[in-house]
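S.K.: would you be able to build a 3D model of this:
(one chain, ligands or ions: 2)
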Amino acid sequence: MLKLENLHYNTTENGKIKEIIKGIDLTFDNGKTYVITGPNGSGKSTLVKLIIGILNLSQGQIYLNDLNLSPLSIDKRAKEGITFAFQKPVTFKGIKVKELLDIASGKKNNVGESCEYLASVGLCAKDYLDRNFDDKLSGGEQKRIELAMALAKGGKINIFDEPEAGIDLWSFENLTKLFSSMKTSINIIVSHQQKILELADEVIMLKDGKVERKGNYQDIKPFLSENKCRMLN
Ligand SMILES: Nc1ncnc2c1ncn2[C@@H]1O[C@H](COP(=O)(O)OP(=O)(O)OP(=O)(O)O)[C@@H](O)[C@H]1O
Ligand SMILES: [Mg+2]
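M.R.: Ligands and ions are numbered 1, 2, ... in the order given. I've put the predicted structure just below:
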């Protein structure tokens, strides 16, 4: 179980304190899929960056079962099983896709295993294993390779920030299948996509740095257009 207690995140802009996350309490249960949605700028990416430790909390605590993650570095949180796929993947010069998959899974994968990870994100493995993970890959290819890394890592908690961004429709179908099959861990997906919202055991709607509403997709649906969320069918 992952528990967020009274999370706050402030930054400074033009010498003034700017509150971005304003007191968020949430509990994520094992084996469930959660989708965080809400208008642009509502704090979704900031919230997930606080969970993985890219940003430091201004106030509050994060617990993974009985372990307080709040003082732990990104690396230590990753070792505890937190896996993250960025809204905009970070590419590395001079690292091949197969090497990244090895790093993610913490062992040397044979070709068959590496291929399986790539195939499950809709990529034809032999075309990609020896390619560098750099800007020559298209945005959608980078995104899918990042998802394959998350699969290879097999974390206790998988966090995906807008995994659908830049992914074509054919792959999108596979993406939803992929998320429905990842039921052993806690999945936290930031998304505006109706098909992904429908997968959620719980939809969490943020607005202006706070939890505006929680519930299953049918409960939340009427409020999505009210808040002018960017809904894509
Ligand atoms: N370092 C910063 N300095 C100033 N403002 C920031 C900083 N980081 C984030 N913000 C602001 O905090 C708010 C939340 O940003 P965040 O990226 O979390 O939004 P989001 O919900 O992920 O939006 P989107 O749907 O566009 O991805 C935005 O208004 C953003 O401009
Ligand atoms: Mg975002």
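
S.K.: what packs against the helix or strand hosting residue 211?
M.R.: Using DSSP states H and E, residue 211 sits within strand 210-215. Taking 3 or more Cβ pairs under 8 Å, 6 or more residues apart in numbering; DSSP states H and E as contact, the helices and strands that strand 210-215 lies on are strand 16-28, strand 202-207, helix 217-226. Every residue, glycine included, has its C-beta placed from N, CA and C.

S.K.: is ligand 1 within reach of the first one?
M.R.: Yes: where contact is defined by Cβ under 6 Å from any ligand atom, part of strand 16-28 touches ligand 1, namely 18, 20.

S.K.: contact partners of the helix or strand that that strand is followed by?
M.R.: For strand 16-28, the following helix or strand on the C-terminal side (DSSP H and E) is strand 33-37. Residues from elsewhere that reach strand 33-37, judged by Cβ atoms under 8 Å, 6 or more residues apart in numbering: 28, 44, 47-48, 179-180, 182-183, 186-192, 196-197, 199-206, 220, 224, 229.

S.K.: what about ligand 2: which of those touch it?
M.R.: The overlap between the contacts of strand 33-37 and the neighbours of ligand 2 (Cβ under 5 Å from the ion) comes to residue 44.

S.K.: go ahead and confirm residue 142 touches residue 92.
M.R.: No: with contact defined as Cβ atoms under 8 Å, residue 142 and residue 92 do not form a contacting pair (10.8 Å).

S.K.: need the overlap of contacts for the two.
M.R.: Shared contacts of residue 142 and residue 92 (Cβ under 8 Å, 6+ apart): residue 133.

S.K.: who does residue 36 bridge with?
M.R.: Each beta-bridge partner of residue 36 is listed here, defined by DSSP bridges: residue 190, residue 204.

S.K.: for burial, what's the neighbour tally of it?
M.R.: Using other Cβ atoms under 10 Å, residue 36 has 24 other residues around it.

S.K.: likewise for residue 110?
M.R.: By other Cβ under 10 Å, 9 other residues sit near residue 110.

S.K.: so how far is ligand 1 from it?
M.R.: Residue 110 is 37 Å from ligand 1, where distance means Cβ to the nearest ligand atom, to the nearest Å.
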